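[1] Just need the structure, nothing else, for what follows:
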Amino acid sequence: MTLPDHTPDRTFQVDLRGLVDLLSHHLYSSPRVYLRELMQNAVDALTARHALEPASPGSPFGIRIYADRFVVRVEDDGVGLTEADVHTFLATIGRSSKRADGIAEQRGDFIGQFGIGLLSCFLVADEIHVVSRSARTPGAPAVEWRGRGDGSYTVRTLPASARPAPGTTVTLTPRADAGEWTAPAQVQRLARHFGSLLRHPVTFDDGSDGPAVPVNPEEAPWTRTYPTPGARSRALAAYGEEVFGFTPLDTLELDLPAVGLKGIACVLPEAVPAGRRHGHRVHVKGMLLSEQAEEILPDWAFFVRCVVDAESLRPTASRESLYEDDTLAAVRDALAEKLRAWIARVAASDPELLHRFLQAHHLSVKSLAVHDDEILRMLLPWLPFETTDGHCTLDEFSRTHRTVLVTSSVEEFRQVAAIASAAGLGVVNGGYTYDRELAHRLPEIRPEVSVADLDPATLTAHLDPVDRETELAAAAYLALARDALAVFDCDVALRAFQPASAPALLVDSREARHERTRSRLAREQEGGLWGDILGALQQEAPRAQLILNQLNPLVRTAVAIDEPELARTSAEALYGQAALLSRRPLRPAESSLINRSFLDLLAHALRKDR
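    Numbering: from 1, shown residues only. Down below sits the predicted model:
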């Protein structure tokens with residue numbers, strides 16, 4: 001039966017208005033994707049035509065994009081559609097012409113789906129005009145399809161002169177409110193943005209007197225031939241700088257033949273803020289899929305940004321991200337291994353680059369070393385840590401300290417750093433992310449070094465006791481001080497230690513404070529017998545300790561005070577100053593104590609001057 005050359009208005013087999021609203025609000029991130037979808041359809045049509053005509057792989061078939069103030073047009077020399085195809089694939093939106101005529105087994109060669117891709121054009125236009133001629137059927141007539149935003153469409157055959165050669169032309173009549181996405185300059189930018197790495201020639205024409213402009217005049221830099229390895233390295237680095245806007249610290253070439261993936265990874269020259277991840281630029285068969293594809297690399301690899309082109313990765317329905325499947329997981333693991341290999345190579349052969357890399361990205365490398373024994377062995381001695389010898393590597397630190405003590409928090413390190421350094425103790429600040437765990441693994445690399453958590457008793461054991469006469473002379477003051485600070489569960493002791501400029505040391509841990517607070521709250525809530533039991537247990541809870549420095553002139557003056565109220569005030573002031581030096585958050589009662597003791601001492605000084 002011969003199909004008529006014209007059909008009356010028909011309607012799509014969907015609620016078109018509702019579907020367009022769904023696409024614009026839930027599937028696509030921006031109306032600009034309409035041009036990417038048209039380009040994808042054109043690329044797939046060219047791929048299908050090459051499958052039909054494999055004897056001419058070097059044929060000049062390509063894609064031409066035209067835009068002026070009134071229309072946007074995308075034309076290709078691809079496989080085209082017959083009239084039956086048009087009724088089948090454009091009447092039932094979402095079906096794909098790539099399923100027809102035995103091409104389903106080659107589905108992996110295609111990027112998108114013609115029906116959904118064409119439907120995206122309704123994001124910017126109220127009418128879509130398609131003229132196509134099939135390369136599968138010799139002598140096939142041209143077919144015209146017009147779809148409208150109200151859900152209706154028409155189909156008719158045209159004379160051969162309307163489309164002399166196989167292929168498809170899609171013409172959009174943009175809506176007035178779509179000028180942001182359909183202006184000629186914007187169309188050219190979008191074409192370049194999405195199609196810069198396409199393997200088929202793409203040109204753009206804005207209707208002026210000048211010639212059409214190539215959209216992708218050069219192949220991807222990793223596919224080109226260079227005279228020397230150095231020239232290749234410089235070209236890849238220059239491409240990374242052009243794409244990402246920074247000069248890479250180094251550039252890694254990525255090549256996974258099993259999935260047809262090629263590209264580069266650019267090492268960021270500066271540290272990435274904690275919790276912030278950069279996305280990667282991913283192309284599929286040359287077409288840009290996403291600029292923010294975080295899923296292509298593991299979380300710890302935030303020191304690089306990648307641009308890759310892959311054959312076998314699977315896009316999601318919106319074709320703006322990657323589908324999480326076994327292939328993507330394997331690619332992520334393989335790329336992670338390449339980053340590990342790069343770190344190993346740099347560690348073994350380029351100490352200057354390694355130093356610059358670790359200066360910028362030590363946190364990222366520490367997170368990797370926690371879970372990767374090979375990276376741990378290679379880089380742990382070179383990673384920077386905060387220590388009582390300043391910021392240095394564990395390799396440098398372990399040369400002078402065979403016993404390494406590690407604090408559990410930053411505030412604990414701040415409390416003891418000066419005293420421990422004067423006492424000759426080697427202490428590492430374990431309060432930062434990964435540092436405590438990594439420091440404890442140092443003996444795996446340096447068996448001659450021992451590592452232990454810093455115990456307050458260890459520190460106080462290195463403080464010199466005072467003689468008996470001095471202790472007895474200060475006994476009354478120490479008793480008043482203990483009574484004044486009992487509200488903070490704090491004991492008071494007198495020792496001699498360096499530096500003499502430090503009047504007091506407050507030894508207290510976050511865990512001990514939490515335990516005291518928990519026990520006190522539980523005792524207050526229970527009352528009665530349980531309260532008495534908890535009170536007894538509370539006596540065993542760890543207490544804070546204010547250690548006064550007998551070598552400090554201010555402390556020697558304070559312990560000799562014979563006025564009880566002034567003695568109490570001075571003890572409170574010494575506690576407040578030590579708490580401030582620990583740099584931990586102050587409790588409201590401690591802030592109040594600091595203010596009160598300062599004012600009391602000021603008032604005493606003013607009275608004395610009268």
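[2] Which neighbouring elements make contact with the longest helix that the chain contains?
    Longest helix in the chain by number of residues, with DSSP state H as the criterion: helix 326-349. Helix 326-349 sits against strand 251-256, strand 261-267, strand 304-310, helix 351-371, helix 373-379, with contacts defined as 3 or more C-beta pairs under 8 Å, 6 or more residues apart in numbering; DSSP states H and E. C-beta: built from backbone N, CA, C; applies to glycine.
[3] What residues sit buried inside stretch 403-423?
    Of all the residues in stretch 403-423, those buried under the rule 16 or more other C-beta atoms under 10 Å are 404-423.
[4] ok so V282 is a strand residue?
    Yes - counting by DSSP: H, G, I helix; E, B strand; the rest coil, V282 is found in a strand.
[5] What are the contacting residues of stretch 188-199?
    Residues from elsewhere that reach stretch 188-199, judged by C-beta atoms under 8 Å, 6 or more residues apart in numbering: 32, 35-36, 39, 43, 63, 65, 67, 181, 202, 204, 206, 213, 215-216, 219-220, 283, 285-288, 309.
[6] Which stretches in the stretch 101-250 of the chain count as strands?
    Per DSSP state E, counting those that start in this stretch, the stretch 101-250 of the chain carries strands over the ranges 125-133, 142-148, 152-158, 167-174, 202-205, 213-214.
[7] now the last one: mean pLDDT?
    In other words, strand 213-214. For strand 213-214, the mean per-residue pLDDT is 94.
[8] pLDDT weak spots in the stretch 101-250 of the chain?
    By pLDDT under 70, the low-scoring segments of the stretch 101-250 of the chain are 101-116.
[9] mind running it again at 50?
    Scanning the stretch 101-250 of the chain for pLDDT under 50 picks out 101-114.
[10] Am I right that V43 is in contact with F61?
    No - judged on C-beta atoms under 8 Å, V43 makes no contact with F61 at a distance of 10.7 Å.
[11] Now for those two: what residues contact both?
    With C-beta under 8 Å, 6+ apart, V43 and F61 have common neighbours 76, 200.
[12] Show only the entries of the contacts of stretch 188-199 found in helices.
    Per DSSP H, the contacts of stretch 188-199 map to helices at 35-36, 39, 43, 181.
[13] hang on, the earlier thing: dump the strands of the stretch 101-250 of the chain into a markdown table; add mean neighbour count as well.
    As requested, the strands of the stretch 101-250 of the chain are exported to a markdown table (neighbours: other C-beta atoms under 10 Å):
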| stretch | mean neighbour count |
| --- | --- |
| strand 125-133 | 21 |
| strand 142-148 | 23 |
| strand 152-158 | 18 |
| strand 167-174 | 22 |
| strand 202-205 | 21 |
| strand 213-214 | 14 |
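[14] Could I get these in CSV, plus columns for distance to T460?
    Formatted as CSV, the strands of the stretch 101-250 of the chain follow (distance: least, C-beta to C-beta, whole Å):
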stretch, distance to T460
strand 125-133, 79
strand 142-148, 83
strand 152-158, 86
strand 167-174, 78
strand 202-205, 75
strand 213-214, 76
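[15] Among those strands, which comes closest to E294?
    Among the strands of the stretch 101-250 of the chain, the nearest to E294 by C-beta to C-beta is strand 202-205 (28.2 Å).
[16] could you show me where the helices are in the stretch 401-550 of the chain, in order?
    Taking DSSP state H, counting those that start in this stretch as the test, the helices found in the stretch 401-550 of the chain are 410-422, 435-439, 442-445, 456-461, 468-473, 475-484, 510-526, 528-538.
[17] what do you get for the stretch 51-200 of the chain?
    With DSSP H, counting those that start in this stretch as the criterion, the stretch 51-200 of the chain has helices spanning 83-89, 114-119, 179-182, 184-195.
[18] Which other helices and strands does the first one contact?
    Going back to what we said before, that points to helix 83-89. Using 3+ C-beta pairs under 8 Å, 6+ apart: helix 83-89 touches strand 125-133, strand 142-148, strand 152-158.
[19] Now do the same contact list for V555.
    494, 503-504, 548-549, 574.
[20] Just the C-alphas of the helix or strand where it lies, formatted as PDB.
    Element membership for V555, per DSSP states H and E: helix 553-558. Output of helix 553-558 as PDB, limited to C-alpha atoms (Å, rounded to 0.1, in the frame of the first residue of the first chain):
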ATOM      1  CA  PRO A 553      58.200  34.900  89.200                       C
ATOM      2  CA  LEU A 554      54.500  35.500  89.200                       C
ATOM      3  CA  VAL A 555      53.700  32.100  90.700                       C
ATOM      4  CA  ARG A 556      56.400  32.500  93.400                       C
ATOM      5  CA  THR A 557      54.700  35.800  94.400                       C
ATOM      6  CA  ALA A 558      51.200  34.200  94.300                       C
END
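[21] Please state the offset of that helix from the chain centre?
    Relative to its chain's centre, helix 553-558 lies at 53 Å (C-alpha atoms, centre = their mean, to the nearest Å).
[22] quick one: average confidence on the helix or strand just after it?
    Using DSSP H and E, the helix or strand that follows helix 553-558 in sequence is helix 564-582. Taken as a whole, helix 564-582 has a mean pLDDT of 89.
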